[in-house]
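A.B. asks: Turn this into a model:
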Amino acid sequence: MGTAAASGVERMFAKLLLPLCIVSGGTVLSGFFFPEFVGTAVSGQTWLVVSLVFFTSGLGYLAVLPYSPDQDEQAGEPFLLGIRQTRPVHVAREFVTKQDSLTLTLPVAVFGLFFLVQALFPTRVSSAVDATTSTILQSGGPVFLGVIFLAVCYCLFLLLGPWGEIKLGGPETEPSYTYPTYFTLVFTAGIAAGVVFWGPAEALFHYQTPPPYFGGQAGTSAAVGGALTYSLFHWGISAWSAYTVIGVPIAYFVFIRGAPLRVSTILAPFLGVDGLDSVWSRLVDTLAVFATIGGIATSIALVSEQFLTGIGFQWGVSVGSLGPVLFVSGLTVLVVLSAVTGVHRGIRRIAGLNVVLFGLFALILVAIGPRSFITQQGVSALGSYVVTFVPLSLHTGGEWVANWTIWNWSWWFSWAPFAGLFIAALSRGRRVRTVVFTSVIATSAATMVWFLLLGGTSLWAQHTGQASILAAIAQRGGSEAVAGFSLFASLPLSQLLMLLFLALIITFITTSADTSTLVVSILATRRGLAPSTSNIVFWGVFQGLVAVAVLLVGGSETLQALAVLTGGPFALLSLVALSGLTMTFYRQERGHTSVLRQLVDRLPTVQTHHDIEPPDED
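C.D. replies: The predicted structure follows:
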């Protein structure tokens, strides 16, 4: 995964980006904290451009700073997420010759055909996709619920059982990253901007329309607990288990059995490592590419709405129809730059900054928010989550469950290929138990704390009349994007909260989009080769073009539905992955010790009456 030190081009970028960041940053900070110095003459598009220049140049500068890998990293690193630096003269020829033709042409053709048909027949396409989605979510609901619940149970068994002791890469292999870095990369890659988009909004929707399982009258104290509990349920251990049941099988067969770093590696127990060049394997990887690009592109389109809403809310300006295109263009530049610099530089640094901002925002919210309300309702919701976890996991009733729970599980499974593969690539030198703990327990704990803080504060503001967030959402046609900004306007330090929130929107989507760009580039490159910089640039720009097409042609909900529908195949493939892994573990990995056995073995030995030897008699 290592990447060489900064090239001459990157050093040139660093010299250019730093002054841009300083100048644009001064303007943005003045606009937030000293608006009288800026005035009201600045247009919405100008504010958008200045804000994008600030965030893009600052994060881009962080990405291109030189990096000198430690000796341990150089000695222990396999060539998994490495990037081949290529000269411009060889770029075009190498791009064509090193790409896997199927994984290159099929996704490009599918997305091109989709947008063509969407532009020509928007109503028919939307109706057909909506009908298909509704049918699958309604009729396939029990399947998704069953697979997710099985994934949670399997992860629990790996965490506590004997196979959790297996060390990926062998007993002498050391981890490639410190644990804080490992957690940071796993968390930020897998969550995207969903926590900032839904954090202040989801519990409010459940408060307005209470889940049938809990009941209660809408907008009352009785609806608060169920709203928070379901938010935890949708973003807790069930969701993260979808990634892990794909990631652990890939990691095991890559680091223990020598399989290639591909999503299709989950088929190794059935096809053999040497049989992973089959058409079936390539189709699995191609489906993974389609699901990843569709999921990331639609997330970028949604996040652009939230960012632009924040710009408009802060300065009372309109960014116009060109605003979303400007946002996606600026974000694409940042994502490509971050991905090209590699995991050890751009991806890791921006992820680290992301977690710092995440923690800082949470601490400020604790300091100024309704602590007694959050504590009381949070403890109650956590207790309810634990007690009702199994019933909620198996609750199949009604349209509400299909529109919320089943949709969420399908969405998480559609992201599982890229997130699972990335988790696998990072996990060399880790025990299976550590991988499961990090990618399920630690990540879901961070996510649930966020939803308790932000969701709890939103519920408090709405319930007490401190802010009418649901009315603000209704005024914008039901758009969730405005929820956070309406909330912050009613709190102390509102300007600081809004600035940090905008920064979190950018960093969260960047840390997922740069990772997905790298993963797609790996899947689309011929086996045995690392992706080149031209591969990274192509797939990063292609993701941006898909997001722009969504914004220009329309059909974001339709494309999102299509991307979510890929969650169905990967939910079923996760069963294949777990059955193959279990079969291999049973045959090849006997003799390991469970956590319970380890605890029992560490207990002091209690001598019985028969164990005490009588004293020697003279």
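A.B. asks: could you pull out the strands for the protein?
C.D. replies: Secondary structure of the chain (DSSP state E): no strands located.
A.B. asks: Any regions of it where pLDDT drops low?
C.D. replies: Along the chain, segments meeting pLDDT under 70 span 1-10, 36-43, 68-97, 554-556, 559, 605-618.
A.B. asks: Go again with 50.
C.D. replies: Where the chain drops to pLDDT under 50, the residues are 1-5, 71-79, 608, 617-618.
A.B. asks: which stretches of the stretch 501-618 of the chain form helices?
C.D. replies: According to DSSP state H, counting those that start in this stretch, the stretch 501-618 of the chain carries its helices in the segments 533-553, 556-565, 567-588, 595-602.
A.B. asks: again, but for the stretch 51-200 of the chain
C.D. replies: All helices of the stretch 51-200 of the chain, identified by DSSP H, counting those that start in this stretch, fall at 71-76, 88-98, 101-120, 122-139, 141-160, 179-191, 194-198.
A.B. asks: Which stretch among these approaches L575 most closely?
C.D. replies: Of all the helices of the stretch 51-200 of the chain, helix 141-160 sits nearest to L575, with 6.4 Å by C-beta to C-beta. In this view, the C-beta of every residue, glycine as well, is placed from N, C-alpha and C.
A.B. asks: what's near enough to touch the nearest residue to A14 once chain neighbours are set aside?
C.D. replies: The shortest distance from A14 to any residue that is not its chain neighbour, by C-beta to C-beta, 6 or more residues apart in numbering, is 4.9 Å, and that residue is V64. When contacts are counted by C-beta atoms under 8 Å, 6 or more residues apart in numbering, V64 touches A6, E10, R11, F13, A14, L17, L337, T341, R345, G346.
A.B. asks: could those residues be laid out in a markdown table, adding distance to A193 and neighbour count?
C.D. replies: Formatted as a markdown table, the entries for the contacts of V64 read as follows, by distance: C-beta to C-beta, whole Å; neighbours: other C-beta atoms under 10 Å:
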| residue | distance to A193 | neighbour count |
| --- | --- | --- |
| A6 | 28 | 18 |
| E10 | 26 | 21 |
| R11 | 31 | 14 |
| F13 | 25 | 19 |
| A14 | 26 | 17 |
| L17 | 23 | 22 |
| L337 | 18 | 25 |
| T341 | 21 | 30 |
| R345 | 22 | 24 |
| G346 | 18 | 29 |
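A.B. asks: Narrow those to those in helices?
C.D. replies: Secondary structure of the contacts of V64 is defined by DSSP state H; positions in helices are E10, R11, F13, A14, L17, L337, T341.
A.B. asks: what's next to stretch 503-512, contact-wise?
C.D. replies: Under the criterion C-beta under 8 Å, 6+ apart, residues 55, 59, 188-193, 195-196, 296, 299-300, 303, 306-307, 310, 331, 334-335, 338, 347, 350-351, 353-354, 357-358, 361 lie in contact with stretch 503-512.
A.B. asks: coming back round to it: got the helices of the stretch 51-200 of the chain as JSON lines, with mean neighbour count and distance to P249 columns?
C.D. replies: Rendered in JSON lines, the data for those read as follows (neighbours: other C-beta atoms under 10 Å; distance: least, C-beta to C-beta, whole Å):
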{"stretch": "helix 71-76", "mean neighbour count": "11", "distance to P249": "23"}
{"stretch": "helix 88-98", "mean neighbour count": "13", "distance to P249": "27"}
{"stretch": "helix 101-120", "mean neighbour count": "16", "distance to P249": "20"}
{"stretch": "helix 122-139", "mean neighbour count": "14", "distance to P249": "25"}
{"stretch": "helix 141-160", "mean neighbour count": "20", "distance to P249": "11"}
{"stretch": "helix 179-191", "mean neighbour count": "21", "distance to P249": "16"}
{"stretch": "helix 194-198", "mean neighbour count": "23", "distance to P249": "25"}
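A.B. asks: Between the ones you listed, which one is closest to I246.
C.D. replies: If we rank the helices of the stretch 51-200 of the chain by C-beta to C-beta, the stretch that ends up nearest is helix 141-160, at 9.3 Å.
A.B. asks: now that closest one and helix 122-139, what's the angle there?
C.D. replies: In this structure, helix 141-160 runs at an angle of 60 degrees to helix 122-139, with axes from the mean of the first three to the mean of the last three C-alpha atoms, to 10 degrees as the basis.
A.B. asks: Could you tell me the angle between helix 141-160 and helix 595-602?
C.D. replies: Inter-element angle recorded for helix 141-160 and helix 595-602: 20 degrees (by the same axes, to 10 degrees).
A.B. asks: So which residues of the stretch 351-500 of the chain form helices?
C.D. replies: Residue ranges of the helices in the stretch 351-500 of the chain, as given by DSSP H, counting those that start in this stretch, are 371-394, 398-401, 407-426, 432-436, 443-464, 469-475, 483-488, 494-524.
A.B. asks: Now the second one: buried residues?
C.D. replies: Residues of helix 398-401 classed as buried under the neighbour-count rule (16 or more other C-beta atoms under 10 Å) are W400, V401.
A.B. asks: who touches it?
C.D. replies: So helix 398-401 is in contact with Q138, G141, T209, P211, P212, H395, going by C-beta under 8 Å, 6+ apart.
A.B. asks: swap the cut-off to 10 Å and go again
C.D. replies: Applying C-beta atoms under 10 Å, 6 or more residues apart in numbering, the contact partners of helix 398-401 are 134, 137-138, 141, 145, 206, 209-213, 230, 392, 395, 406-407.
A.B. asks: And the helix ranked longest in the chain, what's buried?
C.D. replies: Of all segments of type helix in the chain, defined using DSSP H, the longest is helix 279-315. Of the residues in helix 279-315, those buried by neighbour count under the rule 16+ other C-beta under 10 Å are 281-282, 284-315.
A.B. asks: Equivalent analysis for stretch 363-380, please.
C.D. replies: By neighbour count with 16+ other C-beta under 10 Å, stretch 363-380 contains the buried residues I364, L365, G369, P370, F373, I374, Q377, G378.
A.B. asks: Quick check: the first one touching M498?
C.D. replies: Which is I364. No: look at I364 against M498 with C-beta atoms under 10 Å: they stay out of range, at 11.7 Å.
A.B. asks: Provide a list of residues in contact with R526.
C.D. replies: For R526, the residues meeting the contact criterion (C-beta under 10 Å, 6+ apart) are T97, K98, Q99, D100, S101, T103, D277.
A.B. asks: Give me the distance between the third one and L523.
C.D. replies: Okay, so that is Q99. Plainly put, Q99 is 11 Å away from L523 if you go by C-beta to C-beta, to the nearest Å.
A.B. asks: Same question for the fourth one.
C.D. replies: D100 sits 8 Å away from L523, taking C-beta to C-beta as the criterion.
A.B. asks: any common contacting residues for the two?
C.D. replies: Counting by C-beta under 10 Å, 6+ apart, the shared contacts of D100 and L523 are R282, D285, T286, V289.
A.B. asks: Adding distance to G258, write these out as CSV.
C.D. replies: Putting these into CSV (distance: C-beta to C-beta, whole Å) gives the following:
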residue, distance to G258
R282, 19
D285, 18
T286, 23
V289, 23
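A.B. asks: Thank you, goodbye.
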